[in-house]
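# Could you work out the structure for the sequence below:
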Amino acid sequence: MSSLSRSASALRRALVPGILLAAVVVLSGVGAATASAIDAGTQNGSTVYLGKRQGYGGTGVFPVYAQPPADPADPGEPDLWAYCIEHNVSAKTNIEGVIGDPSGYLGTNHFVDPTVQARVLWVVAHSYPALSLADFGQSVGVPGIARNDAIEATQYAIWRYTELTFDAPWAFQTPDSGTAYWALLAGANASPVPTPVDTATVAISAPAATPTGGTLVGPFVVTTNRTTARVTASPAAALTDAAGVPIDPTAVADGQAVYVDLRGTTASGSTTLTATVSGAPVNGRIVSVPNLPGGIPTAADHAQSVILVAGSTATTSAQTGVTWAGTSAGTGMAAGTGTAGTGAPELAATGSAVDGTALLAVLCLAGGLGALGVLGAHSLTGVRRRARG
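Predicted coordinates for the structure are as follows:
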């Protein structure tokens with residue numbers, strides 16, 4: 001018996017006996033939780049690693065890793081999850097696959113239909129692990145649903161669309177799985193076509209100018225399709241707005257400019273800024289899997305295709321680094337000396353010069369310690385002239 005015939009037989013066994021004849025007719029024409037943030041650069045063409053399937057023996061969800069784990073036997077928490085969308089093709093695990101759009105699907109079952117793709121996308125967006133287990137249970141009327149039941153209900157709901165043309169009962173492991181399955185079908189059948197896919201985008205840009213210690217360094221501009229992003233610096237550094245006022249780094253809005261406060265720093269150094277948002281950049285994309293490690297999956301030769309799901313706690317991040325030069329008595333203000341050099345560094349890419357009156361106020365408040373480092377030489381000259389007058 002061919003592998004395709006064996007797969008079709010397994011699918012028939014999964015359906016309840018009362019609809020076996022209908023299933024045979026339909027199938028006769030069918031072809032073959034918290035992790036590190038996902039890099040925002042993970043997109044179509046990127047590779048991901050599929051781990052061992054989890055769940056009941058006949059159904060399951062695949063843990064997906066942005067990078068092959070150092071120890072496949074103990075891979076840690078996955079970055080993403082994936083469900084099968086190609087029942088009659090054998091699955092391969094502990095292997096890398098290639099991310100792509102559903103339009104690039106290599107299989108020949110009903111998933112080639114954009115309407116079916118929309119139904120499947122609705123299912124995965126309203127199932128576990130896109131929802132937490134508790135939230136999923138509440139949404140389908142099964143509070144306290146077991147994890148394997150949630151996985152089974154989701155996988156069967158996907159196969160209902162990719163492998164069948166009618167709402168079929170299956171040989172559910174428990175009544176809870178069946179209840180969740182029927183609730184998913186009710187929602188998917190009533191969903192709009194096409195189904196919107198929630199993907200996360202985030203980026204953080206760095207200033208072009210080379211900064212110097214003793215200044216506000218920026219702007220670093222965050223762009224995202226989320227309400228807010230969380231920005232961190234490593235090594236730690238104080239983050240402010242353009243006026244030097246501390247910001248809330250856990251709630252940086254799209255388009256907001258962030259500055260690194262180096263006004264109390266004279267030494268050279270560097271830091272990396274990371275902007276993190278909820279969600280994943282490739283949610284709802286598919287993964288084409290080769291039959292052999294390092295191989296290229298094709299329509300004629302590929303392992304089981306899967307669809308990616310961002311877990312409820314998934315995050316996406318983007319990074320940029322900055323390195324600054326130190327100050328010295330010859331190029332700026334030495335800390336604690338109260339004496340300005342002739343070549344005090346300017347603000348790095350702030351977009352405007354600092355007014356001398358504002359500097360005078362800073363000098364009065366700070367006793368002249370290190371404040372002159374934020375000005376260009378032309379600003380200092382204006383202050384000196386006013387002071388002599």
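# For Tyr49, see how far away Pro68 is.
Pro68 sits 5 Å away from Tyr49, going by CB to CB, to the nearest Å. Every residue, glycine included, has its C-beta placed from N, CA and C.
# whoops, Gly76 was the one
From Gly76 to Tyr49 the distance is 12 Å (CB to CB).
# next one: Ile296
The spacing between Ile296 and Tyr49, counted by CB to CB, is 16 Å.
# Looking at those two, which one has more neighbours?
Using other CB atoms under 10 Å as the criterion, Ile296 and Tyr49 rank with Tyr49 on top: 22 against 10.
# That one touches Glu96, doesn't it?
Yes: at 5.2 Å, Tyr49 and Glu96 qualify as touching, with contact defined as CB atoms under 8 Å.
# hey, what's in contact with both of the two?
Pro68 (CB atoms under 8 Å, 6 or more residues apart in numbering).
# Which parts of the stretch 251-389 of the chain are strands?
Per DSSP state E, counting those that start in this stretch, the stretch 251-389 of the chain carries strands over the ranges 252-253, 257-261, 269-278, 286-288, 306-309, 315-324.
# other SSEs contacting the third one?
It stands for strand 269-278. Packing partners of strand 269-278 (3 or more CB pairs under 8 Å, 6 or more residues apart in numbering; DSSP states H and E): strand 202-205, strand 216-224, strand 228-234, strand 257-261, strand 315-324.
# Of those, which is nearest Ala118?
The minimum distance between Ala118 and the helices and strands packed on strand 269-278 falls on strand 315-324, with 23.6 Å, by CB to CB.
# mind listing what's buried in the closest one?
If you call a residue buried by 16 or more other CB atoms under 10 Å, then strand 315-324 has these buried ones: 315-319, 322, 324.
# contacts for it?
By CB under 8 Å, 6+ apart, strand 315-324 touches 37-41, 200-207, 210-213, 215, 217, 220, 260, 262, 265, 268-281, 348.
# Relative to that strand, what are the paired strands and their orientations?
Sheet pairing of strand 315-324 (DSSP bridges) gives strand 38-39 (parallel), strand 269-278 (antiparallel).
# helix or strand right after the shortest one?
It refers to strand 38-39. strand 47-50 (DSSP states H and E).
# on that earlier part again, mind checking which of the strands of the stretch 251-389 of the chain is nearest Phe62?
Using CB to CB, the strands of the stretch 251-389 of the chain put strand 306-309 closest to Phe62, at 5.9 Å.
# got the contact list for Val64?
Contact partners of Val64, counting by CB under 8 Å, 6+ apart, are 48-51, 78-82, 287, 308.
# just His126 next, same as before
By CB under 8 Å, 6+ apart, the contact list for His126 reads 139, 184, 187-188.
# can you check Phe62 too?
Residues near Phe62 by CB under 8 Å, 6+ apart: 50-54, 81-84, 91, 93, 306.
# excluding its backbone neighbours, what's nearest it?
Spatial nearest neighbour of Phe62, excluding adjacent residues (CB to CB, 6 or more residues apart in numbering): Ala82 at 4.4 Å.
# Just checking: what are the partner strands of the helix or strand hosting that neighbour?
Assigned by DSSP H and E, Ala82 falls within strand 80-84. Strand pairing for strand 80-84, determined by DSSP bridges: strand 62-65 (antiparallel), strand 306-309 (antiparallel).
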